[in-house]
Each structure stands twice: as structure tokens, then as C-alpha cells.
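Peer 1: quick check, what structure comes out for this input:
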Amino acid sequence: MSIQSVIAVIDDDASVRAATNNLLSSHGYLVHTFASAEEFLQSVLLNGSACVIADVQMPAMSGLDLLTHMRAQGYAAPFIFITAFPEESVRARALKAGAICFLAKPFAAPALINCIEAALNRDENGTGE
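Peer 2: Here you go, the predicted model:
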């Protein structure tokens with residue numbers, strides 16, 4: 001029996017959270033949404049998330065800060081960044097920090113699905129399970 005992968009979506013924009021949740025749920029993913037990085041860090045799903053989709057620019061803690069924090073704590077979940085401000089310098093920093101994908105909003109649905117599949121396949125291959 002396989003366990004369904006949990007995808008965590010972290011974005012301070014409720015409409016983006018809802019649209020991403022609807023898209024991923026329609027593709028069979030189990031999705032949990034969070035309005036902030038802090039909310040995600042306090043969640044019981046922190047250890048159970050197979051993939052994290054995070055907005056780059058959020059109040060208090062940015063998506064890049066979240067990735068850095070999680071890596072420092074030993075969490076290896078793959079990250080996908082989405083942003084309304086796709087600056088090349090930020091993209092380069094995100095990819096250097098270990099992000100799988102960096103997508104500009106609005107992004108095409110197939111692009112996000114491809115990123116998730118790559119992230120989940122990499123995670124499966126990386127853990128050897």
C-alpha cells in the first residue's frame with residue numbers, strides 16, 4: 001500500500017493558495033496550504049511533507065529564508081519556488097540553495113506539475129526507498 005505524498009503550499013496570497021490547491025488536488029496530490037512560513041514551521045506536517053511549494057516574497061520570513069532554515073535543521077524536502085517578481089539574482093540564489101524549480105506567477109499548470117514530478121522522483125531516488 002503506497003502512502004500519498006503531501007505537498008505543502010506556502011503563500012501569503014489566499015487566491016494563489018486556493019488555485020494551487022485546486023490544481024494539485026485535481027491531479028491527485030494531497031495538498032495542505034499555509035499562509036506563512038511560520039505557520040508551516042509550526043505544523044505537524046513539517047516532517048511529513050514530500051515537497052514544499054513556497055512563495056519567494058512573504059512577510060516576516062521569505063521562501064528563501066524558509067529553505068535556508070529548513071536545510072540548517074536537517075530537513076531535505078524538495079523546494080519549488082513561485083514568485084510574482086522573477087528576478088534573475090533571486091532565481092540564482094534559490095537554485096544554488098537547492099530549489100528544484102523557480103516559476104514566475106502566473107505559471108502554466110503543466111510547468112508546476114512537471115516540477116512536482118521531478119521533485120518527488122528526485123526525493124524517492126535520493127532516499128533509496
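Peer 1: list of residues touching the helix or strand containing residue 15?
Peer 2: Here residue 15, judged by DSSP states H and E, is contained in helix 14-26. By Cβ atoms under 8 Å, 6 or more residues apart in numbering, the list of residues contacting helix 14-26 from outside reads 7, 9, 11, 31, 33-35, 53, 55, 82, 105, 109, 112-113, 116. For every residue, glycine as well, the C-beta is placed using N, CA and C.
Peer 1: now with 7 Å, please.
Peer 2: If you take Cβ atoms under 7 Å, 6 or more residues apart in numbering as the criterion, helix 14-26 is touched by 7, 9, 11, 31, 33, 53, 109, 112.
Peer 1: cool, and stretch 31-38?
Peer 2: So stretch 31-38 is contacted by 6-10, 12, 17, 21, 24-25, 40, 43, 45, 58, 60-61, 65-66 (Cβ under 7 Å, 6+ apart).
Peer 1: now the end-to-end length of it.
Peer 2: Length of stretch 31-38, first residue to last, Cα to Cα, to the nearest Å: 18 Å.
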